[in-house]
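Asker: I'll drop the sequence and a predicted model, then ask my questions.
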Amino acid sequence: MNKSELVAAIATDTDLSKADAARALDSVLENLTRTLARGESVQLSGFGNLSVASRAERVGRNPSTGEQLTIKASKAVKFTAGKALKDAVNAPA
């Protein structure tokens, strides 16, 4: 499912126009991004948790040459699925 398909599904489920559904989805994504950029976590009951994890600087290898290189420290978004989502994914088809 891509963004336009998700917007269409939201519009169908909520009786909103596609433009309103797109604005709503954009607002949700912008707010998630801003919250995570501040280093805060987002908890969506029944769906899961989004948080920011720090990755330490580490040594890696260039797969083409085998040369060692330093991979800089960075932050990554971590997603932990909630119980309801796990149950839905693991339910028999």
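Answerer: That came through, no problem.
Asker: check which helix or strand covers the nearest residue to Ala22 once chain neighbours are set aside.
Answerer: Nearest in space to Ala22, with sequence neighbours left out and distances taken as CB to CB, 6 or more residues apart in numbering, is Val7 at 4.7 Å. C-beta: built from backbone N, CA, C; applies to glycine. Using DSSP states H and E, Val7 maps to helix 3-14.
Asker: which other helices and strands contact that helix?
Answerer: Under the contact criterion of 3 or more CB pairs under 8 Å, 6 or more residues apart in numbering; DSSP states H and E, helix 3-14 touches helix 18-37.
Asker: check the offset of the helix it packs on from the chain's centre.
Answerer: 12 Å (CA atoms, centre = their mean, to the nearest Å).
Asker: okay, buried residues for it please.
Answerer: By neighbour count on 16 or more other CB atoms under 10 Å, the buried set for helix 18-37 is 21-22, 36.
Asker: wait, which of those residues is closest to Thr12?
Answerer: Using CB to CB, Ala21 comes nearest to Thr12 of the buried residues of helix 18-37, at 8.7 Å.
Asker: quick one: contacts for that closest one?
Answerer: Residues near Ala21 by CB atoms under 8 Å, 6 or more residues apart in numbering: 7-8, 10-11, 14.
Asker: the same query, at a cut-off of 10 Å, please.
Answerer: Each residue near Ala21 by CB atoms under 10 Å, 6 or more residues apart in numbering is listed here: 6-15.
Asker: among the residues you listed, who's most crowded?
Answerer: When neighbours are counted by other CB atoms under 10 Å, Val7 leads the contacts of Ala21 with 20 neighbours.
Asker: my guess is it contacts Arg23. True?
Answerer: Yes: assessed by CB atoms under 10 Å, Val7 is found in contact with Arg23 at 9.5 Å.
Asker: any residues in contact with both of those two?
Answerer: With contacts taken as CB under 10 Å, 6+ apart, Val7 and Arg23 have Leu16 as neighbours in common.
Asker: and for Ser41, the neighbour number?
Answerer: 13.
Asker: Pro63 now?
Answerer: 7.
Asker: about what we covered before: which of the contacts of Ala21 sits closest to Pro63?
Answerer: For the contacts of Ala21, the nearest to Pro63 is Leu6 (34.8 Å; CB to CB).
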